[in-house]
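Visitor: Turn this into a model:
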Amino acid sequence: MATIDSDIQILRRDFRGELIRAADADYDAARRVWNGMIDRRPALIARCVDADDVAAAIAYARERALPLAIRGGGHNVAGSAVCDSGVVIDFTRMKYIAIDPERRTARVQPGAVWGEFDREAQAHGLTTTGGLVSTTGVAGLTLGGGIGWLMRKHGLTCDNLVAADVVTADGKRIRASDEEHADLLWALRGGGGNFGVVAAFEFQLHEVGPVNGGLVMHPLDRAGDLLRFYREWVNTLPESLTTFLAFLTAPPLPFVPPELVGKPAVAVAVCDIARDKETGAAIRDLAGFGPPPVNVIGEMPYLALQAMFDPGAPAGRRNYWKSAYLDELGDEAIEVLVRAAGSACSPFSAIHVHQMGGAVAKVAADATAFAHRTAAFVTNMIAQWERPEDDAENIAWAREHFTRLEPHARGAYVNFLGEEGDARVRAAYGESTYRRLGSLKRRYDPENVFRLNQNIAPSA
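Guide: Numbers count the residues shown, from 1 in each chain. Coordinates of the predicted model:
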């Protein structure tokens, strides 16, 4: 702290935003991130207002050999948006969103979250693939790949990234697109924050109007039969229909029968952007299985669907996740998932199974840094609880059941990774993609300045 206090005026001369230190009244609020397990104390939080501020903060940290963290939405489970005794580049004040309805593009600053992005884009009947929780940051989701309701029709979020304005480790401002620094754009499409600080994203947009969305829910004792139905049913679906299966505790909502509230349950949520005969028939097949005690599928605004799972992901709860891809939902994998759901320690914990395929699988494996395109599903075991004294048992639950699932799974989704070590990062990319990323890391960040992330070391 002495170094920060003695020469903070050096940075202040070149900085137009806000500099927050431990003695400031808003320091504790500024250092908090979404995952309540993360409690780190940076020496300086630099709330930038433009790319010049970003470059100044990078230079300040580099010259003093201080750790450097980058905060977009602060929603990452690993908590990499904040660090101890270092500098945080904070984009809270950089939320500008510009929609070009004629070109169907959006220019977005890195402090925006998906709810903000979607509201601006939907005003023109447009949007692009975003996260399933509206408070997720645009920046982190995009750089790690970006699964969401529209991916089977329009690809991952990173597939819709057409350009980015980047500040590199040496302070240069460059534009990554298909025309210039195309290798950097390739790396940004799934390679995380390893290569520079993105000061603005440019996305391709798509027409999206009202959707048929919502979910059906069954008690957990129906889960085995439901998952065996589900694995066959999803193979019949058109690309305009994306589904998402979740083990959860039935919430106390008006549409949930009293006998199910507070009990372990399994739900299948849907997003139908076509609303035609084919998708309507598929949804009727889903609604006809059981029949489900809860069926709340109907026409709704896309914005409403995007926020549907927000209550299950509030800021401040303690989170520990374990994730991998599945090529199929075999009987043994189903057994593991059902057993795990029935033994969760917390009513806030959940297991998610995201359907992939469609447009995701049509992109060549080497076209972007997102490597696991052929997987049928991506799973996430979400241990979530409130009290620090319950840490051990909740973490043990996720680890134990993930270990049982691993023989039936592969890889890891970057955006669902916690602090799990180099082997898991390599698994997220596969060796060939990882090697290519390491080569680009050597070119754009040879000193590994941007290392507080799912880190890719510069190759030798």
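
Visitor: which non-adjacent residue is nearest the most centrally placed residue in the chain?
Guide: Closest residue to the average C-alpha location of the chain: Leu141 at 4.1 Å, with CA atoms, centre = their mean. Of all residues not flanking Leu141 in the chain, Gly131 sits nearest, at 4.9 Å (CB to CB, 6 or more residues apart in numbering). Backbone N, C-alpha and C define where each C-beta goes, glycine included.

Visitor: what's the distance between that neighbour and Ile10?
Guide: 38 Å (CB to CB, to the nearest Å).

Visitor: Between these two, point out the one with more neighbours.
Guide: Neighbours were counted for Gly131 and for Ile10 using other CB atoms under 10 Å; Gly131 has more, 28 against 14.

Visitor: For Ala307, see how far away the more buried one is.
Guide: From Gly131 to Ala307 the distance is 11 Å (CB to CB).

Visitor: what comes up buried for stretch 249-262?
Guide: Neighbour-count burial for stretch 249-262, counted by 16 or more other CB atoms under 10 Å, picks out 249-250, 256, 260.

Visitor: so can I have a markdown table of those showing distance to Glu420, pLDDT and secondary structure?
Guide: As requested, these are arranged in a markdown table below (distance: CB to CB, whole Å; pLDDT from 0 to 100; DSSP: H, G, I helix; E, B strand; the rest coil):
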| residue | distance to Glu420 | pLDDT | secondary structure |
| --- | --- | --- | --- |
| Thr249 | 26 | 98 | strand |
| Ala250 | 31 | 98 | coil |
| Val256 | 35 | 97 | coil |
| Leu260 | 35 | 98 | coil |
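
Visitor: end to end, how far does stretch 21-28 reach?
Guide: End-to-end distance for stretch 21-28, by CA to CA, to the nearest Å: 9 Å.

Visitor: all strands for the stretch 351-460 of the chain, in order.
Guide: 377-385 (DSSP state E, counting those that start in this stretch).

Visitor: again with the stretch 151-300 of the chain
Guide: Under the criterion DSSP E, counting those that start in this stretch, strands of the stretch 151-300 of the chain are mapped to 161-167, 173-177, 197-204, 206-207, 211-219, 241-249, 264-272, 294-295, 298-300.

Visitor: For the stretch 1-150 of the chain, give me the ranges with low pLDDT.
Guide: 1-6 (pLDDT under 70).

Visitor: Helix or strand: which one has the residue nearest to the centre of the chain?
Guide: Assessed by DSSP states H and E, Leu141 sits inside helix 138-144.

Visitor: Off-centre distance for that helix?
Guide: 7 Å (CA atoms, centre = their mean, to the nearest Å).

Visitor: next one: stretch 404-419
Guide: 14 Å.

Visitor: okay, Arg189: pLDDT?
Guide: You'll see Arg189 listed with a pLDDT of 98.

Visitor: give the contact list for it.
Guide: Counting by CB atoms under 8 Å, 6 or more residues apart in numbering, Arg189 touches 158-159, 161, 368-370.

Visitor: same deal with Glu406?
Guide: Here Glu406 is in contact with Ala324 (CB under 8 Å, 6+ apart).

Visitor: Export the buried residues of stretch 249-262 as CSV, with columns for distance to Arg443.
Guide: CSV is the format used below for those (distance: CB to CB, whole Å):
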residue, distance to Arg443
Thr249, 48
Ala250, 51
Val256, 53
Leu260, 55
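
Visitor: what does stretch 255-262 contact?
Guide: Against stretch 255-262 from outside (CB under 8 Å, 6+ apart): 217, 219, 249-252, 293-294, 296, 347.

Visitor: and which of the residues you listed is nearest to Val198?
Guide: Minimum distance to Val198 across the contacts of stretch 255-262 is 35.9 Å, recorded for Pro251 (CB to CB).

Visitor: Now for the residue nearest to Asp53 when sequence neighbours are not counted: which residues touch it?
Guide: Spatial nearest neighbour of Asp53, chain neighbours left out: Gly17 (4.9 Å); criterion: CB to CB, 6+ apart. With contact set as CB under 8 Å, 6+ apart, Gly17 has these partners: 46-50, 53, 93.

Visitor: make it 6 Å
Guide: Residues near Gly17 by CB atoms under 6 Å, 6 or more residues apart in numbering: 47-49, 53.

Visitor: quick one: it from Ala269, how far?
Guide: The value you get for Gly17 to Ala269, if CB to CB is used, is 39 Å.

Visitor: Then His206?
Guide: Computed as CB to CB, the His206 to Ala269 distance reads 20 Å.

Visitor: just Gln122 next, same as before
Guide: In this view, Gln122 and Ala269 are 19 Å apart by CB to CB.

Visitor: between these two, who's got more neighbours?
Guide: Ala269 (22 against 17).
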